[in-house]
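Trainee: Sequence plus the predicted model coming up.
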Amino acid sequence: MGCPHCGRVHEAPGPDMCVRCGWRLAANVPDTSLQWVWAWFFAGLIAYIPANIYPMLRTQSLGRTSESTILEGVVELLHHGSYSVAIIVFVASIAIPIGKFFAIAYLALSIQRKVRQGVHGRYRLYEVVEFIGRWSMIDVFVVAILAALVQLDFAATINPGIAAISFALSVAFTMLSAQSFNPKTIWAYGDHSKT
Amino acid sequence: MIACPTCDALYTLPDVAEGARARCRRCHTVLTAPRKGAMTRIVMLASTSFILMLAAIFFPFLELTAAGRTQRSSIMDVVLVFADGPFVGLAIAVGALIVVLPLLRLLALIYVLAPMSFGWRPARDAIPVFRFSERIKPWSMAEIFIVGVAVALIKVAGLAHLSLGPAFWAFAALVLVVALKDNFMCRLTIWKTLEHRRQ
């Protein structure tokens, strides 16, 4: 039994924690980690719904108030002609979160069904999900920066909308979901012939 | 003997030459990649980032001029926008992600690695401290914040005149230095050295 953090080897019914680094050791391979993955996954999915319905930004300009959701923010950027930024925001706050939901669900289901094919591909997918999830936070930071900066009384004021909270929560939950994954379960049922 | 941290394949690891890297044959995870003088470099880079971070917090970050009025904001202002009403939780989260956790991680690394780079015994509780710094790694989001700044700049570019303050450059340098430092980190070597020196 190997430590998932520092690689130290322990004898089979080993201790609960690694004797070198104190990381929690995953017990036997059909383990309970998938329950955590699903729990955080659904929490993230639920938080993602209000994040798209409610406004992310409230802009007051010369007495007029306008509210925009995540999607409207992207469309607005397109109208301004800043295509590259529109693409960054679209990828970070729409494509990545939705892609992540599909990827996590696919990985979890394939482990539950004990799928044996494509272990390397699925492990690569897991690494990508873990690496890229944090980048969805961009939009929350953009809202924070804009709201701090644009406080010019009458001329223009920007305030955060309620969706900022649920979006941040959704990103955090899906990050936790990806972290709860025990990558060893991908290998456990996998095709070992290539080794 | 070690087990691959991701797929449990077992290896008896020979001494890997400095500058080389050992990968798992099954899943291609990098097992170990020792670098010459890595500990000293990490400590120095971490101290640099720490100083840059302090500068980044207190100097003005961005300056905005519109309709004859100027608005300056520092990173603390960015954190405090959310500080009233229903957004308190978000203020705490944003502050933690862009300031507190990166700072804690740097301090923890210096605490663990500085004595070891001098060849001394590791500091007390070095093991839980290093474990903590590894655990908060995905949550320190300084580099993401920088991209967020870029996006925000373009969003308000049409609305007002903007200029970057000294803190922006400190923060940008910080992101580069942290990336460089992480490049030198080899988790396995650090754990092995920690275990070795403790006895």
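Mentor: Structure's in. What do you need? Residues are numbered from 1 along each chain as shown, chains lettered A, B, ... in the order given.
Trainee: Could you report the neighbour count for the residue of chain A found nearest chain B?
Mentor: Residue nearest to chain B within chain A (C-beta to the nearest C-beta): residue A:2, separated by 2.3 Å. C-beta coordinates here come from the backbone N, C-alpha and C atoms, glycine included. If you count neighbours by other C-beta atoms under 10 Å in any protein chain shown, residue A:2 ends up with 25.
Trainee: beta partners for it?
Mentor: Residue A:2 has the following beta-bridge partners by DSSP bridges: residue A:9.
Trainee: contacting residues for it?
Mentor: Counting by C-beta atoms under 8 Å, 6 or more residues apart in numbering or on different chains, residue A:2 makes contact with A:8-10, B:2-5, B:8, B:10.
Trainee: farthest-separated two in those residues?
Mentor: The span of the contacts of residue A:2, defined through C-beta to C-beta, is set by A:10 and B:4 at 14.2 Å.
Trainee: Not counting its neighbours along the chain, what's nearest whatever residue of chain B ends up closest to chain A?
Mentor: With C-beta to the nearest C-beta, the shortest gap between chain B and chain A falls at residue B:3, namely 2.3 Å. Nearest non-adjacent residue to residue B:3, counting by C-beta to C-beta, 6 or more residues apart in numbering or on different chains: residue A:2, 2.3 Å away.
Trainee: Against residue B:7, how distant is that neighbour?
Mentor: Using C-beta to C-beta, to the nearest Å, residue A:2 is found at 9 Å from residue B:7.
Trainee: swap in residue A:68?
Mentor: Counting by C-beta to C-beta, the gap from residue A:68 to residue B:7 is 45 Å.
Trainee: In terms of packing, which of these two has more residues around it?
Mentor: residue B:7 (24 against 17).
Trainee: For the more buried one, list the residues it contacts.
Mentor: Counting by C-beta under 8 Å, 6+ apart, residue B:7 makes contact with A:123, A:183-184, A:187, B:24, B:26-27, B:29.
Trainee: repeat for residue A:161
Mentor: A:54-58, A:67, A:143.
Trainee: Report the rounded mean pLDDT for stretch B:19-38.
Mentor: Across stretch B:19-38, the average pLDDT comes to 73.
Trainee: Check stretch A:6-23 too.
Mentor: Per-residue scores along stretch A:6-23 average to 73.
Trainee: and the longest helix seen in chain B, what other elements does it pack with?
Mentor: Once chain B is assigned using DSSP state H, the helix that runs over the most residues is helix B:38-58. Contact partners of helix B:38-58 among helices and strands, from 3 or more C-beta pairs under 8 Å, 6 or more residues apart in numbering or on different chains; DSSP states H and E: helix B:75-80, helix B:101-117, helix B:166-184, helix B:187-198.
Trainee: tell me the angle of whatever helix or strand comes next after the shortest one relative to helix B:101-117?
Mentor: From helix B:75-80 onward toward the C-terminus, using DSSP states H and E, the following helix or strand is helix B:88-95. Regarding helix B:88-95 and helix B:101-117, their directions subtend 40 degrees when assessed with axes from the mean of the first three to the mean of the last three C-alpha atoms, to 10 degrees.
Trainee: For helix B:88-95, which outside residues touch it?
Mentor: In contact with helix B:88-95 (C-beta under 8 Å, 6+ apart) are residues A:140-141, A:144, A:160, A:164-165, A:168, A:172, B:78-83.
Trainee: The residues you listed: which two are farthest apart?
Mentor: Every pair of these checked by C-beta to C-beta; the farthest is A:172 and B:80, at 20.4 Å.
Trainee: More neighbours: these two, which one.
Mentor: In this view residue A:172 and residue B:80 are compared by other C-beta under 10 Å, and residue A:172 has more residues nearby, 22 against 16.
Trainee: Show the contacting residues for that one.
Mentor: So residue A:172 contacts A:44, B:93 (C-beta under 8 Å, 6+ apart).
Trainee: buried set for the helix or strand hosting it?
Mentor: Using DSSP H and E, residue A:172 maps to helix A:163-180. For helix A:163-180, a neighbour-count test (16 or more other C-beta atoms under 10 Å in any protein chain shown) marks A:163-180 as buried.
Trainee: avg pLDDT for it?
Mentor: 87.
Trainee: how distant is it from the center of its chain?
Mentor: 6 Å (C-alpha atoms, centre = their mean, to the nearest Å).
Trainee: Could you do stretch A:62-71 as well?
Mentor: 27 Å.
Trainee: Any idea how far apart the tips of it sit?
Mentor: 24 Å (C-alpha to C-alpha, to the nearest Å).
Trainee: Over to the closest residue to residue B:175 other than its chain neighbours: give its phi and psi.
Mentor: Spatial nearest neighbour of residue B:175, excluding adjacent residues (C-beta to C-beta, 6+ apart): residue B:143 at 4.6 Å. The phi/psi pair for residue B:143 (degrees, to the nearest 10) reads phi -70, psi -30.
Trainee: In contact with residue B:143, which residues?
Mentor: B:175, B:178-179.
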